[in-house]
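J.: mind folding the following:
(chains A and B)
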Amino acid sequence: MVQDLIKEQLSLSLQKLYGATLSAEDISIEQTSDDFEGDFTFVVFPFLKISRKNPEQTANDIGSELLVQTELFASFNVIKGFLNLIVKEQIWLDFISKEVHNSSFGFIEPNINEAVLVEYSSPNTNKPLHLGHIRNNLLGFSVAQILKANGHKVFTCNLVNDRGIHICKSMLAWMRFGNGETPDSAQLKGDHLVGKYYVIFDKHYKKEIEDLIASGHTEEEAKKNAPIILAAQELLLKWEQNDPETIAVWEMMNNWVYAGFEKTYQKLGVQFDKYYYESNTYLLGKEIVQEGLETNVFYKKENQSVWIDLSEDGLDQKLVLRGDGTSVYITQDLGTAELKYNDFNCNRSIYVVGNEQDYHFKVLQKIAQKLDKPYADGIFHLSYGMVELPEGKMKSREGTVVDADDLIATMEETAAETTKALGKMEGESDSELQNLYHTIGMGALKYFLLKVDPKKKMMFNPAESIDFQGNTGPFIQYTHARIKSILRNAGEINALSFDSSKVQLSKIEKNLLVKLYQYPLVIKEAGKDLSPGIICNYVFDLAKAYSSFYHDHQVLNESNLDQRALRILTCKLTAQVIQSGFGLLGISVPEKM
RNA sequence: GGUCUCUUAGCUCAGCUGGAUAGAGCAACGGUUUUCUAAACCGUAGGUCGAAGGUUCGAGUCCUUCAGGGACUACCA
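T.: Below you'll find the model as predicted:
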């Protein structure tokens, strides 16, 4: 990369002028801001102590030295302590000639030794997926792609929370009020049907609480002693005792849900290398608890419950096993962590889980470290913020959720309406159009969710539908479609080349080439931060740079054939990078729209 | 109460390890199409970066305090 060459040269210059012994890695340069002329900027303020001259003089000295020393630069200018370097145009021209034929431009060579496991999605099986789950799924999928692009061997898994009191609630409601209803008989996706009974349960539960309070009980008592919640708890107990009838209902309803989830996953375009089910793994952690007791990492209280004291680490005392010997959440996670390590042997394990569980994962990692687990340091909680609605947080029980399937359908409808209104796709077949609507609708939704920094909570206002203009997925998809249209009309382009001495770069053209040039760095940065948002911002900038270029420059009608070839190749690489970048986000790009 | 986290334009968000005059999109206003897709392009307007101190040649970015939001702090998962 040019940046590296420049740093080396700067290191040499500083050595020569001031006797400074700085390696290239110690030197940082930045992109020159748009308001100034130049490609790269070197800030000299930190070096005034060794130059013992004023900022301008120092920058000029270094600039002059660089010009004699290397062929890289065309010129430089100095403003205050900022040395702006302009590299020779040939650099950019060589770059496009070379990379336009590289189909994996920007990707790092795979390295088998750097295996990473990404766990994401991890739904409960008592209700359908909502907008928050979509964010989780898209993040997990995208992060996995980004890590692959960074050369890691990546596995993905989904830990399904298929057991517990919440499922029993849906089961109980269905057993009491369902009259044998099935997804087929109700004409409802399985996950929605099960979710329906979760809501029914809650309705009855609330009613019973009200009645109890009316008859003189406190709210707390009422919540604990409502007959229906007691019945649900009894059902859980039966489940744990392997009662055949209970297990049968549980399996049936879970299978309904899985069939429903599968459809949603398909629409979202996510998939997993392996599914884990808590019903299979929830007992595993107990062995680890035993192990920790033997090494005195854990201790037992009088009532036989097992704890760990993390107060020295700034955390609290934490229960790891109940007095009756049943496991809690952390027990299961310890077991699952061990299992995942045995299955995949990854030195890094990323958990894509909401930030409400920050504390839980701190505890999990701490415990693993105290137990000297080889995977302890590799545990990483990719914590993302909640999606909030204008009226606050989403709550399934209260019905204030944006349902995943509904939202996807709405996005596709909007895409269809917009496409029809523009009337550019007349004459295409129905199946192609359906595909296109899906591509555009999902493009809008995915981009909308991924462009926000994962760590931050985000706002979604259902009343204002997701935009298709400006900084959006469809705008970038549209940019791609326009390029493809040019390329279709350009004829044979694979053998195309140009003579650099016969072309000239306008400011806009150069800007576009420089943007393309940055793609590999962007992939690295996104990989380091595990942030799809970085890719979004970059691809948007690229699309904008291209749109400017497209508006101001003719491609196919350019009479200078070398210039024409250069522009066609620039178009080609731009389309390639848009497609590649969007691929990292799980968004596809249409040929026409 | 304690721990963590967030606060940038009317709205939704960018702002890389501290660097030049804080940027986009939407919304508002104005302009651009006989020429490769106007889901586009160009422009105008919009800001004490929550507040106050501090560190630094330089702070939206680092530190402290405060204010306001959110999460967590269960023998729930």
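J.: low-confidence ranges, chain A, go.
T.: A:396-399 (pLDDT under 70).
J.: spatially central residue for it, please.
T.: A:Leu139 (2.6 Å; CA atoms, centre = their mean).
J.: next, see if the helix or strand harbouring it gets close to RNA strand B.
T.: Assigned by DSSP states H and E, A:Leu139 falls within helix A:131-149. No. Contact of helix A:131-149 with RNA strand B (CB under 7 Å from any atom of the strand) is absent, the minimum separation being 11.1 Å. For the C-beta atoms, the positions are set from N, CA and C on the backbone; glycine is no exception.
J.: measure whatever residue of the stretch 101-250 of chain A ends up closest to RNA strand B to A:Thr41 for me?
T.: Among the residues of the stretch 101-250 of chain A, A:Gly164 lies nearest to RNA strand B; the distance is 3.7 Å by CB to the nearest atom of the strand. The span separating A:Gly164 from A:Thr41 equals 56 Å under the rule CB to CB, to the nearest Å.
J.: for A:Val249, same thing?
T.: The gap separating A:Val249 from A:Thr41 is 67 Å, by CB to CB.
J.: same thing with A:Leu117?
T.: Relative to A:Thr41, A:Leu117 is positioned 40 Å away (criterion: CB to CB).
J.: between these two, point out the one with more neighbours.
T.: Neighbours were tallied for A:Leu117 and for A:Thr41 using other CB atoms under 10 Å; the higher tally belongs to A:Leu117 (25 against 19).
J.: for that one, name its beta-bridge partners.
T.: The residues listed as beta-bridge partners of A:Leu117 by DSSP bridges are A:Phe155, A:Ser349.
J.: ok, now which ones touch it?
T.: Shown in contact with A:Leu117 (CB atoms under 8 Å, 6 or more residues apart in numbering): A:Val154, A:Phe155, A:Thr156, A:Cys157, A:Lys340, A:Phe344, A:Cys346, A:Arg348, A:Ser349, A:Ile350.
J.: so for stretch A:161-180, what gets flagged as buried?
T.: In terms of neighbour count (16 or more other CB atoms under 10 Å), stretch A:161-180 has its buried residues at A:161-164, A:166-175, A:178.
J.: kindly present the contacts of A:Leu117 as a markdown table, with separate columns for neighbour count.
T.: What follows is those, written out as a markdown table (neighbours: other CB atoms under 10 Å):
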| residue | neighbour count |
| --- | --- |
| A:Val154 | 23 |
| A:Phe155 | 20 |
| A:Thr156 | 21 |
| A:Cys157 | 22 |
| A:Lys340 | 23 |
| A:Phe344 | 18 |
| A:Cys346 | 20 |
| A:Arg348 | 17 |
| A:Ser349 | 23 |
| A:Ile350 | 23 |
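J.: next, format those residues as CSV and append distance to A:Gln145.
T.: As requested, the contacts of A:Leu117 are arranged in CSV below (distance: CB to CB, whole Å):
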residue, distance to A:Gln145
A:Val154, 8
A:Phe155, 13
A:Thr156, 10
A:Cys157, 15
A:Lys340, 20
A:Phe344, 18
A:Cys346, 17
A:Arg348, 16
A:Ser349, 17
A:Ile350, 13
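J.: which residues outside stretch A:480-489 are in contact with it?
T.: Residues external to stretch A:480-489 that are found in contact with it (CB under 8 Å, 6+ apart): A:493, A:546, A:550, A:555-556, A:568, A:571-572, A:574-575, A:578-579, A:582, A:589-593.
J.: out of those, which are inside helices?
T.: Filtering these for membership in helices, criterion DSSP state H, returns A:Tyr546, A:Tyr550, A:Ile568, A:Cys571, A:Lys572, A:Thr574, A:Ala575, A:Ile578, A:Gln579, A:Phe582.
J.: contact partners for the last one?
T.: Looking back up the chat, that one is A:Phe582. Applying CB under 8 Å, 6+ apart, the residues near A:Phe582 are A:Gly443, A:Gly473, A:Ile476, A:Gln477, A:His480, A:Val539, A:Ser588, A:Val589.
J.: one more: the fourth one?
T.: The contact partners of A:Cys571, by CB under 8 Å, 6+ apart, come to A:Ile483, A:Ile486, A:Leu487, A:Ala490, A:Val555.
J.: quick one: distance of stretch A:392-405 to the chain centre.
T.: Stretch A:392-405 has its average C-alpha position 22 Å from the chain's average C-alpha position, going by CA atoms, centre = their mean, to the nearest Å.
J.: quick check: next helix or strand after the helix or strand hosting A:Trp174?
T.: Taking DSSP H and E as the definition, A:Trp174 sits inside helix A:165-177. Beyond helix A:165-177 on the C-terminal side, the first helix or strand identified by DSSP H and E is helix A:183-186.
J.: packing partners of that following helix?
T.: Using 3 or more CB pairs under 8 Å, 6 or more residues apart in numbering; DSSP states H and E as the contact criterion, the elements in contact with helix A:183-186 are helix A:190-214, helix A:244-268.
J.: of these, which stretch is the most buried?
T.: Here the criterion is mean neighbour count by mean count of other CB atoms under 10 Å, and of the helices and strands packed on helix A:183-186 the winner is helix A:190-214, at a mean of 19.
J.: run the chain-centre distance for that helix.
T.: With CA atoms, centre = their mean as the basis, helix A:190-214 stands 35 Å off its chain's centre.
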